[in-house]
Structure formats: C-alpha cells, structure tokens
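**Student:** I'd like to go over a predicted model; first the sequence, then the structure.
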Amino acid sequence: MALGQTLQSILDINRKRRFFQDNEAGLEELNEELRVLNAVVENHARVLKSYEYQLERPKGPSAGAPISI
C-alpha cells in the first residue's frame, strides 16, 4: 500500500468513527484497522528516512576528503 493510500485510509477511519460511537464492535474493528495502518505508516517513515540518509551521505571513498595536488 502506498503512503498516500495509507494516509487516506486513516483519514477515512477517523471519519467513520463518528458514526460508530454507539457500536462497540464497529469501533473495535476500526481501532484494529487503525493499529495496522499506523504500523504500515511507521514502516513507510523508516524507509523514507533510510532513503534520505542514502541521498545525503557522501558517495565514494574520497568524498569529503581534501583534494591533493
């Protein structure tokens, strides 16, 4: 599931919660789905941080070393 889809699903669940105030079974099902989606979002965040780190890291053994003449 892509990050945008996951976030949209979380927003949809939060909207649905208003309609399930009196339905304990419905609320519990939404809460379980929300727990799963939050775990997916945390995984997406770790992957994005890893990509950011790789992009910011100097490349090659001489990256950042002074130039010898």
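**Tutor:** Here it is on my side, so go on.
**Student:** Any buried residues in the helix or strand hosting Asn31, and which?
**Tutor:** Secondary-structure assignment from DSSP states H and E places Asn31 in helix 24-56. By neighbour count on 16 or more other CB atoms under 10 Å, the buried set for helix 24-56 is Leu30, Leu37, Val40, Val41, His44. C-betas here are computed from N, CA, C, even on glycine.
**Student:** Give me the distance from it to the chain's centre.
**Tutor:** Centroid displacement of helix 24-56 relative to its chain, using CA atoms, centre = their mean, to the nearest Å, is 4 Å.
**Student:** Send me stretch 7-23 as CSV with only the CA atoms.
**Tutor:** Provided in CSV are the C-alpha atoms of stretch 7-23 (Å, rounded to 0.1, in the frame of the first residue of the first chain):
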residue,chain,number,x,y,z
LEU,A,7,-2.9,8.1,5.0
GLN,A,8,-6.2,8.4,3.1
SER,A,9,-7.4,5.1,4.8
ILE,A,10,-6.5,6.5,8.2
LEU,A,11,-8.5,9.7,7.5
ASP,A,12,-11.4,7.6,6.3
ILE,A,13,-11.4,5.6,9.5
ASN,A,14,-11.3,8.7,11.6
ARG,A,15,-14.4,10.0,9.7
LYS,A,16,-16.2,6.6,10.2
ARG,A,17,-15.5,6.7,14.0
ARG,A,18,-18.1,9.4,14.4
PHE,A,19,-20.8,7.1,13.1
PHE,A,20,-19.8,4.1,15.3
GLN,A,21,-20.0,5.9,18.7
ASP,A,22,-22.7,3.5,19.9
ASN,A,23,-21.4,0.4,18.2
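**Student:** State the mean pLDDT of that stretch.
**Tutor:** Mean pLDDT, stretch 7-23: 88.
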